[in-house]
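Engineer: Quick one, fold the following:
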Amino acid sequence: MSEGGLLVHLPEEIEINQTLALQLFFPSRSHLYNLETVVKVVWKDIHMSKDLAWDYRTGVRFVDTAPEDISELKSFLMGFGQKPVHTA
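Structural biologist: This next block holds a predicted model:
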């Protein structure tokens, strides 16, 4: 996941340039944040998993996301960039 989009694993193949409505859930401060967005498929890759089922890895770009949702997403992602606090 990034500010621009994300990688999703889908049960079926989706065509490039197709739009999808997604709901993402991630921790934000003291609650679970629910981000509703529209994304556009920008790339796809098909792999066979260990159980011989197809795995459709799909790269999507955010195309219709509210500014407050982008702000929450940025805050969430910045949490991964912070150095851990070490205690003695």
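Engineer: ok, residue 69 touching residue 35?
Structural biologist: Yes. Counting by C-beta atoms under 8 Å, residue 69 touches residue 35, with 4.7 Å between them. Yep, even glycine has a C-beta here, placed from its N, CA and C like the rest.
Engineer: Between these two, which is the more surrounded one?
Structural biologist: residue 35 (19 against 16; other C-beta atoms under 10 Å).
Engineer: which other helices and strands contact the helix or strand hosting that one?
Structural biologist: Element membership for residue 35, per DSSP states H and E: strand 31-48. Counting contacts by 3 or more C-beta pairs under 8 Å, 6 or more residues apart in numbering; DSSP states H and E, strand 31-48 packs against strand 5-10, strand 19-28, strand 54-64, helix 67-81.
Engineer: who touches the longest one?
Structural biologist: By that I understand helix 67-81. 1, 2, 3, 26, 27, 28, 33, 35, 36, 37, 62, 65 (C-beta atoms under 8 Å, 6 or more residues apart in numbering).
Engineer: Taking the residues you listed together, which two end up most distant?
Structural biologist: For those, the maximum inter-member distance is 19.3 Å, found between 27 and 62 (C-beta to C-beta).
Engineer: Between these two, which has more neighbouring residues?
Structural biologist: A count of neighbours by other C-beta under 10 Å puts residue 62 above the other of residue 27 and residue 62, at 19 against 10.
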